[in-house]
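Trainee: following is a predicted model, sequence given first.
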Amino acid sequence: MKSTSVAATVFGMAIAIVATATLSHAQSTNQPSNLSSNDGKATFGAWGVETRYISKSVKPGDDFFTYVNEGWIKSTKIPEGYWDFGQTSILAAETDQHVSDIVHSAAKVAAPKGDPRQQIGDLYSSFMDVDGIEKRGLSPIQRDLDSILAIKTHEDVGRWMADPRSSSLVAINVFPDAGNTKRWLVHLDQSNLAQPILGLPRREYYGRMDGSFPADRTAYKEYIALQFRQAGIDQPTRRANDVLALETKLASLQWNLEQLRDRKANYHLLSSKELVAYAPGFPWEAFLEARRVGKVHQVVLGTDTAVQAQVKVFRETPVDQWSSYLAFHWIQNQIDLLPSIFRTASFDFYGKRLSGQKEQGSRDRQAVAFASGRMAQVVGKLYVERYFPAENRKRATELFEYLRRAFRESLAAATWMDEKTRAEAQSKLNAFRFKIGYPSKWRDYSHISIRQGDLVGNARRLLEADWSYTRSLLNGREREVWYESPQVVDASFSVLFNSVELPAAFLQPPFFDPNADPAVNFGSIGAIIGHEMGHGFDDQGAHFDGEGRMRNWWTEDSRIHFRDRTNALVSQYSAFAPIAGLHLNGQLTLGENIGDLTGVSLAYRAYQLYLRDHPSVRGIVLDGFTDGQRFFLSWGQTWRYIAPDSAIRYIIENGYHSPAPYRVNGVVRNIDAWYEAFGITQDQKLYLPPSERVRLW
């Protein structure tokens with residue numbers, strides 16, 4: 001799951017499902033259900049789980065992940081172009097093909113100016129105009145580069161950093177104020193994927209002396225110099241040395257992953273004057289004015305001590321070094337829009353060296369991704385119209401309501417929580433908002449001029465339009481902002497909106513299949529929904545109330561009980577060592593582990609509620625598997641995944657998620673119903689005594 005200031009999502013890495021009888025029983029009950037259908041055969045197996053992949057030698061209590069997925073793991077290879085591979089990789093590839101069909105169709109029709117098909121088609125065509133791009137060379141960005149290299153003052157450096165195409169010492173966005181979510185404020189902090197401060201993937205690359213890090217730094221410096229030379233910029237070697245030295249200083253001051261996920265630490269409300277006093281030396285007024293938010297009176301400063309320290313470096317660093325830094329990143333941030341010599345050099349360093357890729361994706365594939373990414377809601381609207389049945393939204397809504405009922409019961413049954421805290425928790429749950437499939441109101445892009453043969457201009461105008469939209473949120477009237485587009489295979493929870501966001505692309509097999517056994521849908525998409533709901537009550541989400549405000553609604557007694565339980569979960573996950581000598585970081589992954597445990601626990605309870613409402617389907621056995629077994633098999637299949645040790649190591653060292661096998665094994669061993677379903681005994685490796693099982697919600 002991704003994590004931003006606003007949202008925590010379910011998948012971070014690439015991550016299939018499983019087997020024989022049709023389930024028509026749910027339709028024969030006197031209480032009709034939208035959660036299953038006998039209109040056709042399940043996509044995976046006959047009822048949603050591919051039982052042919054279940055191990056005949058591994059006991060479920062020894063390694064449930066392998067028990068469910070052994071056959072698939074042994075018969076699957078990571079395809080070319082993938083770093084790791086699993087079910088979201090497969091579904092994302094299918095969704096990408098649908099998006100590709102939409103974009104290619106748009107490129108073939110003659111549509112009036114401002115029509116979505118004209119904009120998508122011309123944006124795609126401008127990216128595919130390779131001959132034109134080569135002919136124009138650097139001319140579309142040359143004037144900007146010349147101006148950057150002629151910068152004379154630190155104030156001008158700050159103004160250039162305010163441009164959405166630039167890298168910036170300070171990331172800027174607009175979110176609701178965690179202290180009062182009825183208003184929106186400018187948020188500033190150290191990190192922003194859209195305007196990266198650093199050119200290497202993460203801060204550790206700049207200081208570590210082990211492994212390939214020293215050689216990677218040398219290669220990075222050589223790459224910077226190469227791009228300067230190819231751009232005809234003088235003193236390329238000296239400038240490359242300056243850029244690396246500057247970024248090394250900045251990297252050493254940045255917050256680590258544990259600090260970045262601390263929501264309370266990332267909330268520092270300041271007036272504009274207090275910001276200048278807290279972090280003097282940066283031209284805040286010029287920066288905010290250039291970004292067209294110069295009249296704001298208050299801001300939220302995240303990663304405050306990092307920004308404060310980086311601002312000190314800002315004034316101490318000569319302007320000429322900053323102009324070299326800005327010029328390199330001006331090229332790098334627009335690399336896909338430039339001639340092949342720049343793109344090839346970038347791929348050789350970032351693709352081949354750092355990521356181990358052998359070949360670049362096709363220009364066509366890049367063009368489709370560019371059009372879908374830059375005009376996400378325009379493409380998303382067409383995607384929904386073509387590929388997302390209205391019935392899927394209704395069925396997902398029913399699932400959400402079962403999960404809410406289950407959570408309500410779980411809160412009532414949580415004996416460790418006192419009545420005052422329980423009442424607050426119930427209030428927050430009642431205020432949960434579910435955003436399913438797509439926005440109720442689509443963004444209007446019709447005013448944006450998209451032209452064939454003007455790739456750089458198209459990209460600039462779209463960035464400007466995106467910031468204009470983001471800036472408009474300061475009026476405080478928008479309450480349904482989507483942070484994912486419908487064609488994205490992911491899900492998220494926003495603590496500030498107290499809402500779950502589930503894009504349309506996620507609501508398809510294997511995660512959700514209207515022809516699958518209900519146990520399978522509850523065990524997969526139901527548990528994923530529950531995971532996102534769980535983020536509202538994880539160690540960070542618990543700082544926020546039902547209105548998204550950051551306030552302490554816990555009594556001291558309940559807080560201590562919650563802390564003790566989560567500490568036990570930290571210890572459990574920290575004991576896992578996927579690679580000899582390398583343990584999981586139970587503290588860093590705590591929020592996601594809470595989400596997984598909460599999700600499966602709630603989904604199982606929700607499934608029991610479903611069976612209570614539909615008694616005719618209770619007790620049915622399919623291919624020898626009981627309803628409880630089918631539920632957990634579905635969860636295990638959801639995380640079907642293969643990856644080399646290098647990918648697992650990266651996940652452990654740099655991510656908030658546990659590797660896929662532990663998202664399965666680490667969860668089921670804490671749930672009593674799993675022990676009952678599979679007859680788990682004390683001699684099996686995953687067994688935990690009842691007193692050691694973590695029970696939260």
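Mentor: Great, that's in hand. Numbers count the residues shown, from 1 in each chain.
Trainee: and what about His447, helix, strand or coil?
Mentor: Classification of His447 by DSSP: H, G, I helix; E, B strand; the rest coil places it in coil.
Trainee: list the contacts for it?
Mentor: Residues counted as contacts of His447 (C-beta atoms under 8 Å, 6 or more residues apart in numbering) are 114, 465. Placement of C-beta: from N, CA and C, glycine included.
Trainee: show me what the longest strand belonging to the chain pairs with in its sheet, parallel or antiparallel.
Mentor: Counting residues, the longest strand found in the chain (DSSP state E) is strand 180-189. Take DSSP bridges as the rule and strand 180-189 pairs in its sheet with strand 171-177 (antiparallel), strand 298-301 (parallel).
Trainee: so which of the ones you listed is nearest Lys135?
Mentor: Counting by C-beta to C-beta, Lys135 lies closest to strand 171-177 out of these; the figure is 35.2 Å.
Trainee: contacts for the very next helix or strand once past the longest strand of the chain?
Mentor: Going down the chain from strand 180-189, the next helix or strand is helix 213-230, by DSSP states H and E. Residues outside helix 213-230 that contact it (C-beta under 8 Å, 6+ apart) are 199-200, 204-207, 235-237, 239-241, 243-244, 324, 327-328, 331-332, 341-342, 345-346, 348-349, 353-354.
Trainee: can we see that at 6 Å?
Mentor: If you take C-beta atoms under 6 Å, 6 or more residues apart in numbering as the criterion, helix 213-230 is touched by 200, 205, 236-237, 239-240, 243-244, 328, 331, 341, 345, 349, 353.
Trainee: thinking again about what came up before, and the strands paired with strand 180-189 as JSON lines, adding mean pLDDT and mean neighbour count?
Mentor: Compiled in JSON lines, those are given as follows (pLDDT from 0 to 100; neighbours: other C-beta atoms under 10 Å):
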{"stretch": "strand 171-177", "mean pLDDT": "95", "mean neighbour count": "22"}
{"stretch": "strand 298-301", "mean pLDDT": "98", "mean neighbour count": "20"}
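Trainee: closest one to Ala519 among the ones you listed?
Mentor: Nearest of the strands paired with strand 180-189 (C-beta to C-beta): strand 171-177, 37.9 Å.
Trainee: for the helix or strand that contains Leu462, name the packing helices and strands.
Mentor: When elements are assigned from DSSP H and E, Leu462 belongs to helix 455-472. Helix 455-472 is packed against helix 116-128, with contacts defined by 3 or more C-beta pairs under 6 Å, 6 or more residues apart in numbering; DSSP states H and E.
Trainee: flag every buried residue along whichever helix or strand comes after the helix it packs on.
Mentor: Counting by DSSP H and E, the next helix or strand C-terminal to helix 116-128 is helix 130-136. Within helix 130-136, the residues that count as buried by 16 or more other C-beta atoms under 10 Å are 133, 136.
Trainee: before we move on, what about stretch 490-506?
Mentor: 490-506.
Trainee: my guess is Arg203 meets Leu250, correct?
Mentor: No: taking contacts as C-beta atoms under 6 Å, Arg203 lies outside contact range of Leu250: 8.6 Å.
Trainee: could you give the number of residues near Gly179?
Mentor: Residue neighbour count, defined by other C-beta atoms under 10 Å, stands at 14 for Gly179.
Trainee: separation between it and His268?
Mentor: Per C-beta to C-beta, to the nearest Å, Gly179 is found 11 Å from His268.
Trainee: same question, Ser446
Mentor: Going from Ser446 to His268 by C-beta to C-beta gives 39 Å.
Trainee: neighbour count: those two, which is higher?
Mentor: Using other C-beta under 10 Å, the more surrounded residue of Ser446 and His268 is His268, with 20 against 12.
Trainee: quick check: that one touching Leu301?
Mentor: Yes: His268 sits in contact with Leu301 when judged by C-beta under 6 Å, with a separation of 4.4 Å.
Trainee: burial count for Arg269?
Mentor: Actually, residue 269 is Leu. It isn't Arg. Using other C-beta under 10 Å, Leu269 has 14 neighbouring residues.
Trainee: oops, could you answer that again for Glu316 instead?
Mentor: Look at Glu316: counted by other C-beta under 10 Å, it has 9 neighbours.
Trainee: what does Ser571 give?
Mentor: 13.
Trainee: same check on Leu169?
Mentor: 21.
Trainee: contacts only, for it.
Mentor: Here Leu169 is in contact with 310, 314 (criterion: C-beta under 6 Å, 6+ apart).
Trainee: much appreciated, bye for now.
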